[in-house]
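[1] could you look at this predicted model? Sequence included:
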Amino acid sequence: MPITLPPITRRQFIKRSLAYGGTAVMAPRVLTAADHGDAGLDQNRVALLADTHISADPTQRYPGTKWPGTPVKEDEHEWVNMADCLTVAAKNIIALNPRPAHLVVNGDCALSNGKESEYKEFLRLVEPLRAAGITVHVTIGNHDNREKLWQLLPFLKREQMGVQAGVIELPQANLILLDSGKKGILGEAQLEWLAKELDQRADKPALVFGHFNPYPNRGIRPIKGMRDGAALLKLLAGRKHAQAYFYGHTHEWQYDQVDHLHLINQPAVSYYFGKGHAHGWLDMKLTKASAELQLHCIDSEHKQHGERKTLSL
């Protein structure tokens with residue numbers, strides 16, 4: 001099953017925040033924002049995040065205008081704090097009225113290779129969302145370690161650890177979360193599972209999520225895609241109710257369409273590549289006929305902040 005973090009109570013949140021000590025100074029302010037107003041939860045609204053790349057050190061920064069592997073000069077870059085980016089996203093999502101009932105982090109929660117200390121910090125940062133009543137779902141990316149994250153969540157059943165994919169049933173659509181792992185491989189068993197689930201759920205549009213791009217990135221910086229991406233696209237192309245595939249990994253906000261299938265490349269929340277690139281999250285509102293996406297940039301002054309894309313379903 002995908003890794004799902006259910007909502008927590010205010011009491012649980014306060015207890016855990018106290019346990020974090022000085023590292024949780026942002027938590028009370030976020031919780032206060034969650035308590036104000038009468039924002040309900042909209043089952044047809046979903047916050048979509050990807051590539052949070054959280055470090056074990058909440059103060060760690062990276063040069064946002066730097067492509068990995070290039071030299072760094074302090075005065076030539078816009079230094080970005082990854083934890084701060086996720087904090088801003090969480091506060092803005094909590095402030096929505098109504099709030100999304102669900103939130104999906106589509107892979108690469110961790111900065112390096114999925115260390116326990118990175119996941120402890122990631123879980124701390126998403127707890128305000130859970131305290132606001134939002135259910136958080138996580139897919140696995142190439143920087144993640146499924147076992148390490150699973151071990152920090154004692155409420156998940158051990159016997160389900162090997163079941164990689166899962167379905168979120170919403171009133172207007174089904175969200176199907178896949179696990180493309182560290183190497184970008186779905187595998188024959190998971191593809192067979194996906195085909196079966198889609199065939200059994202043809203009464204609603206299906207929106208499929210996986211971390212890896214299904215083909216080489218068509219953006220500025222090509223990044224190696226899913227090894228069995230062609231098989232995935234063929235499977236989805238043969239089922240008209242499979243309406244969209246959402247992916248991260250390339251850290252770019254892009255849209256493409258192949259026949260009836262929408263292909264949405266989610267922006268990175270925290271770790272963006274190159275000066276001027278949008279980084280943030282997507283607010284998705286579902287109706288019987290469409291999925292409306294709105295880009296929320298971490299920098300609200302960014303020229304693409306508020307950009308919209310409507311997908312016909």
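    Now that the structure is in, tell me what you want to look at. Since this is a predicted model, take the numbers as computed values, not measurements. Numbers count the residues shown, from 1 in each chain.
[2] could you look up the SS state of His137?
    Here His137 is recorded as strand under DSSP: H, G, I helix; E, B strand; the rest coil.
[3] how many neighbours does it have?
    The criterion is other Cβ atoms under 10 Å. On that basis, His137 has 20 neighbouring residues. No exception for glycine: its C-beta is placed from N, CA and C like everyone else's.
[4] ok, it - contacts?
    Taking Cβ atoms under 8 Å, 6 or more residues apart in numbering as the definition of contact, the neighbours of His137 are 2-5, 102-105, 168, 177.
[5] and it, how far from Ala47?
    Separation of His137 from Ala47 (Cβ to Cβ, to the nearest Å): 10 Å.
[6] overlap in contacts of these two?
    Jointly contacting His137 and Ala47 under the rule Cβ under 8 Å, 6+ apart are 102-104.
[7] which of the residues you listed tops the neighbour count?
    Note: the member of the shared contacts of His137 and Ala47 with the most neighbours is Val104, at 28 neighbours, neighbours being other Cβ under 10 Å.
[8] compute the inter-axis angle for the host helix or strand of that one and strand 135-139.
    Assigning secondary structure by DSSP states H and E places Val104 in strand 99-106. On the basis of axes from the mean of the first three to the mean of the last three Cα atoms, to 10 degrees, strand 99-106 is oriented at 10 degrees to strand 135-139.
[9] so the residue positioned nearest the centre of the chain bridges to which residues?
    The residue at the geometric middle of the chain, judged as the C-alpha nearest the mean C-alpha position with Cα atoms, centre = their mean, is Val105 (2.1 Å). According to DSSP bridges, the partner residues bridging Val105 are Leu49, Val138.
[10] before we move on, what about Asp256?
    Asp256 has the following beta-bridge partners by DSSP bridges: Leu263.
[11] on that earlier part again, send me the strand holding Val104 as CSV with only the CA atoms.
    Listed in CSV are the C-alpha atoms of strand 99-106, where the atom choice follows Å, rounded to 0.1, in the frame of the first residue of the first chain:
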residue,chain,number,x,y,z
ARG,A,99,-9.2,22.7,2.8
PRO,A,100,-8.3,19.8,0.6
ALA,A,101,-9.1,16.5,2.3
HIS,A,102,-6.1,14.9,0.8
LEU,A,103,-2.5,15.8,-0.1
VAL,A,104,-0.1,13.7,-2.2
VAL,A,105,3.7,14.1,-2.0
ASN,A,106,4.8,12.5,-5.3
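[12] packing partners for the following helix or strand past that strand?
    Next in sequence after strand 99-106, counting helices and strands by DSSP H and E, comes helix 116-131. Judged by 3 or more Cβ pairs under 8 Å, 6 or more residues apart in numbering; DSSP states H and E, helix 116-131 is in contact with strand 3-5, helix 10-20, helix 27-35, helix 82-94, strand 135-139, helix 146-151.
[13] Arg61 is in contact with Val80, correct?
    Yes - the pair Val80 and Arg61 passes the contact test of Cβ atoms under 8 Å, sitting 6.0 Å apart.
[14] neighbour count for these two, which is higher?
    Looking at Val80 and Arg61 with other Cβ under 10 Å, you find the greater number of neighbours at Val80, namely 21 against 15.
[15] who's in contact with the more buried one?
    Residues counted as contacts of Val80 (Cβ under 8 Å, 6+ apart) are 61-64, 270-272.
[16] most neighbours among those, which one is it?
    Top of the contacts of Val80 by neighbour number is Ser270, holding 29 neighbours under the definition other Cβ under 10 Å.
[17] ok, it to Leu175 distance?
    The spacing between Ser270 and Leu175, counted by Cβ to Cβ, is 23 Å.
[18] quick one: residues contacting the residue lying closest to Met82 once chain neighbours are set aside.
    On the basis of Cβ to Cβ, 6 or more residues apart in numbering, the spatially nearest residue to Met82 that is not a chain neighbour turns out to be Ser270, at 3.9 Å. When contacts are counted by Cβ under 8 Å, 6+ apart, Ser270 is found next to 51-54, 80, 82-83, 85-86, 279, 298.
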